[in-house]
Structure formats: C-alpha cells, structure tokens
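Engineer: pasting the sequence and the predicted coordinates here, then a few questions.
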Protein chains: 2
Amino acid sequence: MIPILCLVGASDSGKTTFLEKLIPELSRRGYRIGTVKHDAHGFEMDREGKDTWKHRKAGAHTIAISSPTQIASIRTQDREMELEEIAGRYFWQEDILITEGYKRSHYPKIEVFRKTIEPQPICGPSDNCRALITDDEVTTDLPRFGFAEVAKVADFIENLFLKERSKRRVVVNLDGKRLPMKDFVEDFVAGGVVGMLSTLRGWKMPQKIDIHIRIQED
Amino acid sequence: MIPILCLVGASDSGKTTFLEKLIPELSRRGYRIGTVKHDAHGFEMDREGKDTWKHRKAGAHTIAISSPTQIASIRTQDREMELEEIAGRYFWQEDILITEGYKRSHYPKIEVFRKTIEPQPICGPSDNCRALITDDEVTTDLPRFGFAEVAKVADFIENLFLKERSKRRVVVNLDGKRLPMKDFVEDFVAGGVVGMLSTLRGWKMPQKIDIHIRIQED
C-alpha cells in the first residue's frame, strides 16, 4: 500500500492552491503523485452528451474510457469507499497518495490554516496532524511552514514518507478490508504463493502478483 | 473475470444509441452493467477549474474524487491499457462489461451495421462476431436483429454470457498479465491461499480475497 497523507483544513483555507504548488515540486523530485478529493455533495465528472455520459445515464453501473494517454472511470456506489480501498484499487503505481479532505481518517495529516477563515486549527491533538501550513501566528508544538515554503514542505513529506520506501510487500484484502500481517507473516504468504504458482506452466518470476479469489456460496 | 462483449461498428453506425436501449433492458433483468469506450484521440473527462482538474494540471499522475454515491478516477498512461487489465482493475462488481469499439480484441462481438454508413459489415470471419444488429439486407450466417429488437438482443446476450455464470474463481495476474490455469489448479490455488491465510489472526471467511505481492529486487 502506498503512503497516504491527508491535506486538511477549513473550506477556502487554500488546500487546492497549496497542492497546485506541492504536486509539481514532488513530481520534480521523481515521485509519482496520486490525489483524491473528498466530495460530500455529489460531483459531476463527465460532460453531458458524451458517449460515456449516455452510458451512465442509461444505467451503466461503472463506465470507463480509455485512450493511449489516459484512462478514466466513474463508478456508482451505495456507500462511500474507504480511503484504504480507494488507495488499493486506483493507485497502484503512485509513490504517495495525497488527499484533499478526509480529516476524519486516521492517516497522517498536514493542516492548511488561515486565521481569517477559522479561529483555530481544525485538527485536535488526537488527529495525527504532523505539521501546519500557515502564515499566521498560532500556538502549536507542530512544525510550521509558510504558504511559500513549498520546498520545505516537500522535504518534510519526503522524510516522513518517501525516503525509507515502504517495505511492505504483501497486501491481502478480504472483502476490500486489509488483513493486518506482521513482517514474517508477509514473508510466509509471499513465499507460499510464489512457491505454489511457480510450479505452474506459464509461470515466469514477475515483479508483481495479483490474485483475486471469489468464494462461492454452496 | 467478468465476461466481455464488444459492440463494434463503423463510426455513426448507431452503437451508442443502441447501447442506450440495451443497458436499461439488461439492468432491468438484474445485471450490473459496465461499459468501456475506446478513444483513439484523447478525451477530456474533467471540467476545467475543478479541484481535481487542477490536481492533474499540476502533474498528479492519477486523481480520484469520491462521494457517497460515486467515485471517479483519471489516470495518466504511457501506453494503452489492455482490455483485460481494464476489466480486472475497474470492473470488480459488474456482471458483464460491454465495450464500445475494441474491434481488434479477440473477445466476442456484436456488430451494429448500417448500409448507408459502410457498404459491408466491418467484422470479417476471424473477428469472433456473434451477431449483427441491422435493419438492412445483408448476406450473413450470423444471427440478425433489428435496431428495435432490444429485448431479443438482451436474450441473446443473456444466453451467451450470463445464464451460466462464470465458474472461474481464481484470477492470477503476473505484472498485469493473466496466468492461465486449469480448473483443478484454480481449486488448488484457492484452497492453498485460504488454508494459509485462515491460520492468521484477523481472518474471517470472506467472499473475496485480493492479494497483491511486489517482488523486491535485491
């Protein structure tokens, strides 16, 4: 699983504006960035009249459109997908996933703060906030960066998440929920799976193995 | 893997228009429909000025936006994704994936044909075409349906793909490519994985297991 960092803050505090500077800075350093935005109200992604829009309007549960340079999908849901599942399903090639919003998640956070918008930072002591981005005076034990200190924030994120790349090799999701595993168990599962599959015709040592199993009801 | 059906035909032959009638007919019968459109030119999915649009413009490799009712993603690619990988990654809950286009794939096809657009059907004998949708006179051995015969086409698709639901339970992808397996091998792999994982704390018999393994280079 890729590391997840939540950029949080009150509405209009400047999260998107800061991300617009942070993403190119991290990309320049060679990282592939994924972002996810939390939307409480229901967004409109496709354009009226396009074929994919017509497919969805006709009742397609999920649509995708694929070209040589990009692929997009829109999926109907009956409940909000957990951040963990989003990361697992949609971000398989990125080095870090930065969320805009998701204040309630347990992932590490950086808060964008502006006194003119909100009197106090929205993150409390139990919110796993790691730093503040603000140009205002504020009493805090957290590291603080100004809105212009994009490179310093990128350093901070690199140190926190990207320098020691995750050693985690095995992710097992049961009905979309991560099964926690200790390192030696990961090694055991990886070894067992590779051992089992390597006896099959068609096997060639890959860089990545994905296994999907549907349990049939009797 | 869900069954894949390609709806093909010359441009302007009426593929989208027919899909707009077929999708609701199949949905009414209780199936979850996925669609994928092939786009050769580069589509524009997001709307200028939206936060997700800004993330991508700033260089995010993949963006997603998630709400309680839908989730959308746009991903940068350096080569076109194979239909098989699209089906595996984006359509995990649908009963059938209907493509618009993908004439060159090896999957079963239905061709939408109009003589005013193209003198002959575009599918040749080796194209795995299973039926024609046309109101024109045409010499063919394939089953033919008129543009208004939506229910009959739905029957045909049900019989071909959906009545005997796929028994395939185990999908193993090595670097995104499907590893072919015989039924007894699938049983062996599924049994081995379930047996291995079921000894772990946190295990509860799920309906679905997804395992992702990254092989580390030494």
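Structural biologist: Perfect, thanks for sending it. Numbering: from 1, shown residues only, chains lettered A, B, ... in the order given.
Engineer: partners of the helix or strand bottoming out on mean pLDDT in chain A, with directions?
Structural biologist: Lowest by mean pLDDT, DSSP states H and E among the helices and strands of chain A is strand A:177-178, with a mean of 80. The pairing partners recorded for strand A:177-178 under DSSP bridges are strand A:170-174 (antiparallel).
Engineer: what pLDDT, on average, does the partner strand get?
Structural biologist: The average pLDDT within strand A:170-174 is 84.
Engineer: contacts for it?
Structural biologist: Residues outside strand A:170-174 that contact it (C-beta atoms under 8 Å, 6 or more residues apart in numbering or on different chains): A:1, A:85, A:88, A:178-179, A:181, A:186, A:189-190, B:197, B:203-204, B:206, B:208-213. Heads up, the C-betas are built off the backbone N, CA and C, glycines and all.
Engineer: can you say which of the residues you listed are buried?
Structural biologist: Buried by 16 or more other C-beta atoms under 10 Å in any protein chain shown: A:85, A:88, A:178-179, A:181, A:186, A:189-190, B:197, B:206, B:209-213, out of these.
Engineer: in helices only, show me those residues.
Structural biologist: Those of the buried ones among the contacts of strand A:170-174 mapping onto helices are A:85, A:88, A:186, A:189, A:190, B:197, per DSSP state H.
Engineer: those: which two are farthest apart?
Structural biologist: A:85 and A:190 (21.6 Å; C-beta to C-beta).
Engineer: and the next element down the chain from the helix or strand containing residue A:7?
Structural biologist: Assigned by DSSP states H and E, residue A:7 falls within strand A:4-8. Per DSSP H and E, the first helix or strand lying C-terminal to strand A:4-8 is helix A:15-28.
Engineer: buried ones in that next one?
Structural biologist: The neighbour-count check on helix A:15-28 (16+ other C-beta under 10 Å) flags A:15, A:16, A:18, A:19, A:20, A:21, A:22, A:23, A:24, A:25, A:26, A:27 as buried.
Engineer: show residues contacting that helix.
Structural biologist: For helix A:15-28, the surrounding residues in contact (C-beta under 8 Å, 6+ apart) are A:7-9, A:33, A:35, A:96, A:98, A:100-101, A:112, A:133, A:147, A:150-151, A:153-154, A:157-158, B:51, B:54-55, B:57-60.
Engineer: dump the residue contacts of the residue nearest the centre of chain A.
Structural biologist: Nearest to the mean C-alpha position of chain A, counting by C-alpha atoms, centre = their mean, stands residue A:97 at 3.3 Å. By C-beta under 8 Å, 6+ apart, the contact set of residue A:97 is A:2, A:3, A:4, A:5, A:34, A:35, A:36, A:86, A:87, A:91.
Engineer: mind checking the SS state of the residue lying closest to the last one once chain neighbours are set aside?
Structural biologist: Right, residue A:91. Nearest residue to residue A:91, sequence neighbours excluded (C-beta to C-beta, 6 or more residues apart in numbering or on different chains): residue A:34, at 4.2 Å. At residue A:34 the chain is in strand, as set by DSSP: H, G, I helix; E, B strand; the rest coil.
Engineer: quick one: contacts for residue A:34?
Structural biologist: A:2, A:87, A:90-91, A:94, A:96-98, B:60-64.
Engineer: which of those residues fall within helices?
Structural biologist: Counting by DSSP H, these place A:87, A:90 in helices.
Engineer: of the contacts of residue A:34 - the most surrounded one?
Structural biologist: Within those, residue B:63 tops the neighbour count with 30 neighbours, counted by other C-beta atoms under 10 Å in any protein chain shown.
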